[in-house]
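Asker: make a model of this:
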Amino acid sequence: MSEPSRRGVLRLSAGTALLGTLALAGCGRGDTATATAKATAKSIDAKPATGTVNVWAAQGDADVLAKVIKPFKAANPNVTVKFTLIPNSEYYTKLQAAIAAGKGPDVAQLFPESQAQFLDPSILQPVPDGLVDSGAFFKSLWDAGLVKDVAYTVPWYAYTYALVYRADLARKAGVEAPTTWAEMVPFFNALKGAGAVHGLGADNGWDIFNGQDVAMYAWQAGGNLLSSDGSWTLDTPAMVDALKYNASFFTSGSADTATPTFLDAQPYFVSGRTATMITGPWVLGQLDTAAKKTGWTAAHVATAPLPAGASGSISFSAGGTWGVLADGGNTDASWKFVRYVSKPSTQVAQYAAYGSLPAVISAWDDPTVKKQPLLDAFLTQLKNTKAFPQVGTWQQVATRLGKETEAVAKGTQTAEKAAASIQAYAKSLGTGAE
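Answerer: Residues are numbered from 1 along each chain as shown. Here you go, the predicted structure:
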């Protein structure tokens, strides 16, 4: 996990995904299209791949793919894989434009937390029967690519949120990591008593990521973001509880509403200005650099699953997936490439090369991954995650929810009014699938 700005990368890619409702997923995913998709999901044989496969991906985890797939090229000498790596801030925009112009790649990387606008048979081919074992992946990652029981993407790497905290300060305070909502603020206060300026280094972007956080807390409180008939259900007691829970971090003085900013998060944590982060696994690879000392992380940091609300410790699933374009020119070789990068051994090689956490559960048993004890909490959490709503307007709703979160945290809006406001906004947008 060596990338210095993984969350920044995702902030940009998710933000540009708001453009995705323009012309791609405005089409309704009707029963006829679903039936056609199911009918065309044919199996892929085991013969060597041939021809050229054009792969587009966002810069970051894909930077090492040419190295990782060397065994694939050796086993398939008559195939050429051409990678086009695009800056994250431009990736979805360029991908969408290429698809609209009929000039898209054969294979495209997507993000499970922001791929809803692509999940349509006019854009992506359904995953062929028997290509992979859907049960081999973390369930929510696989589910993120499903529409009407048709799979359009295959998971590549995984991440989720957990607690990352200063173990040295927790030892000094004589406290264990919190396991319930009720224990969260007291834990932060104990770390402050042990020398931290603030118990929590919160994300203060007040944007889509804050919206995702509160959605996660709503799940923990027993809520759902969509009803069984696909309607928004955001004005609920669970959402009110989630907004109040998040606000308690700030109203208790455990976190500051203004700092740290995104780029300050790791330096603040290392210096003791904050003592806990609710964040993803990539941060673990950044802390030694921030501390300017090898081994600092191992001596000072611990991880734990997220504290449980009334319905348990639930986080969200995110990471990377692969899809094959509906009008791609080399379908057979494209799916063989996807099948290869989805193998446990390939995902272990990807982890070794870049730190991308495997989306295949069995890959976590490999010693390369298993020897990292700070990842244990993320593995536990990945087994208890949900996928964000796979509807075209979720990104807009989450961004608006982030702003409502700010108002509640700063005391300018009640949680009840914020929940009503976000429900009204979401209802006005619909889901993009009508």
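
Asker: okay, the residue lying closest to Lys410 once chain neighbours are set aside: pLDDT?
Answerer: For Lys410, the nearest residue in space outside its immediate sequence neighbours is Thr257; the separation is 5.6 Å by Cβ to Cβ, 6 or more residues apart in numbering. (Glycine included, C-beta is placed from N, CA and C.) Here the pLDDT value assigned to Thr257 is 96.

Asker: Thr257: neighbour count?
Answerer: Here the number of neighbours of Thr257 (other Cβ atoms under 10 Å) works out to 15.

Asker: do the same with Lys103
Answerer: By other Cβ under 10 Å, the residues close to Lys103 number 9.

Asker: ok, and Ala158, which helix or strand is that part of?
Answerer: Under DSSP states H and E, the secondary-structure element containing Ala158 is strand 154-159.

Asker: start to end distance for stretch 308-316?
Answerer: Its start and end residues considered, stretch 308-316 measures 14 Å (Cα to Cα, to the nearest Å).

Asker: hmm, back to that, what packs against the helix or strand following the strand holding Ala158?
Answerer: Once the chain leaves strand 154-159, the next helix or strand it forms, by DSSP H and E, is strand 162-166. Using 3 or more Cβ pairs under 8 Å, 6 or more residues apart in numbering; DSSP states H and E, the elements in contact with strand 162-166 are strand 276-279, strand 301-304, helix 376-382.

Asker: which other helices and strands contact the second one?
Answerer: Contacting strand 301-304 under the criterion 3+ Cβ pairs under 8 Å, 6+ apart are the following elements: strand 162-166, helix 167-173, helix 376-382.

Asker: tell me what the second one is packed against?
Answerer: Translated: helix 167-173. Packing partners of helix 167-173 (3+ Cβ pairs under 8 Å, 6+ apart): helix 184-193, helix 296-300, strand 301-304.

Asker: neighbouring contacts of the longest one?
Answerer: Right, helix 184-193. Identification of contacts with helix 184-193 by Cβ atoms under 8 Å, 6 or more residues apart in numbering yields 165-166, 169-170, 173-175, 177-178, 198-200, 245, 248-249, 252, 254-255, 275-276, 307.

Asker: averaged over its residues, what pLDDT does it have?
Answerer: Along helix 184-193, the predicted local confidence has a mean pLDDT of 98.

Asker: same question, the shortest one
Answerer: Mean pLDDT, strand 301-304: 98.

Asker: then it to CSV, C-alphas only?
Answerer: Output of strand 301-304 as CSV, limited to C-alpha atoms (Å, rounded to 0.1, in the frame of the first residue of the first chain):
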residue,chain,number,x,y,z
VAL,A,301,-0.5,1.7,15.4
ALA,A,302,-3.4,-0.8,15.8
THR,A,303,-6.5,-1.5,13.8
ALA,A,304,-10.0,-2.6,14.7
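
Asker: tell me the strands beside the helix or strand that it is followed by, with direction?
Answerer: Where DSSP H and E defines the elements, the next helix or strand beyond strand 301-304 is strand 315-316. When sheet partners are counted by DSSP bridges, strand 315-316 sits next to strand 385-386 (parallel).

Asker: Leu375: neighbour count?
Answerer: Residue crowding around Leu375 was assessed by other Cβ under 10 Å; the count is 21.

Asker: could you report the pLDDT at it?
Answerer: Note for Leu375: predicted pLDDT of 97.

Asker: ok so, going back, with distance to Gln395 and mean neighbour count added, can I get the helices and strands packed on helix 167-173 in TSV?
Answerer: Listed next are these as TSV, based on distance: least, Cβ to Cβ, whole Å; neighbours: other Cβ atoms under 10 Å:
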stretch	distance to Gln395	mean neighbour count
helix 184-193	28	20
helix 296-300	32	16
strand 301-304	28	21
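
Asker: how about the nearest residue to Ile99, chain neighbours excluded?
Answerer: Ile123 (6.3 Å).

Asker: make that Thr380, sorry
Answerer: Pro305 (4.9 Å).

Asker: give me the residues contacting stretch 239-246.
Answerer: For stretch 239-246, the external contacting residues (Cβ under 8 Å, 6+ apart) are 181, 184, 210, 213-218, 220-221, 223, 309-310, 404-405, 408-409, 415-416, 418-419, 422.

Asker: from those, list the buried ones, please.
Answerer: Among the contacts of stretch 239-246, those that count as buried by neighbour count (16 or more other Cβ atoms under 10 Å) are 181, 184, 210, 213-218, 220-221, 223, 309, 404-405, 408-409, 415, 418-419, 422.

Asker: correct me, but Tyr268 touches Thr274?
Answerer: Yes: in this structure, Tyr268 is within contact of Thr274 by Cβ atoms under 8 Å, at 4.6 Å.

Asker: so Thr346 is in contact with Ile69, correct?
Answerer: Yes: between Thr346 and Ile69 there is a contact under Cβ under 8 Å: 7.5 Å.

Asker: can you pull the residues that touch both of those two?
Answerer: Counting by Cβ under 8 Å, 6+ apart, the common neighbours of Thr346 and Ile69 are Tyr340.

Asker: where does pLDDT dip in the stretch 301-434 of the chain?
Answerer: Counting by pLDDT under 70, the ranges of the stretch 301-434 of the chain that qualify are 433-434.

Asker: do a quick rundown of the helices in it.
Answerer: With DSSP state H, counting those that start in this stretch applied, the stretch 301-434 of the chain shows helices at 331-341, 344-354, 367-370, 376-382, 394-409, 415-429, listed in chain order.

Asker: for Asp229, which of those is the nearest?
Answerer: Closest of the helices of the stretch 301-434 of the chain to Asp229 is helix 415-429, at 13.3 Å (criterion: Cβ to Cβ).

Asker: show me what the spatially most central residue of the chain is bridged to.
Answerer: With distances taken as Cα atoms, centre = their mean, Ala318 lies nearest the centre of the chain, 2.0 Å away. The residues listed as beta-bridge partners of Ala318 by DSSP bridges are Tyr159.

Asker: correct me if wrong: it contacts Glu113.
Answerer: Yes: A contact is recorded between Ala318 and Glu113 when judged using Cβ under 8 Å, the distance being 4.2 Å.

Asker: got the CA positions of the helix or strand where Thr289 lies in PDB?
Answerer: Using DSSP H and E, the secondary-structure element containing Thr289 is helix 287-291. Listed in PDB are the C-alpha atoms of helix 287-291, where the atom choice follows Å, rounded to 0.1, in the frame of the first residue of the first chain:
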ATOM      1  CA  LEU A 287       2.500   6.400   8.100                       C
ATOM      2  CA  ASP A 288       6.200   5.500   8.200                       C
ATOM      3  CA  THR A 289       6.700   8.100   5.500                       C
ATOM      4  CA  ALA A 290       4.800  10.700   7.500                       C
ATOM      5  CA  ALA A 291       6.800   9.800  10.600                       C
END
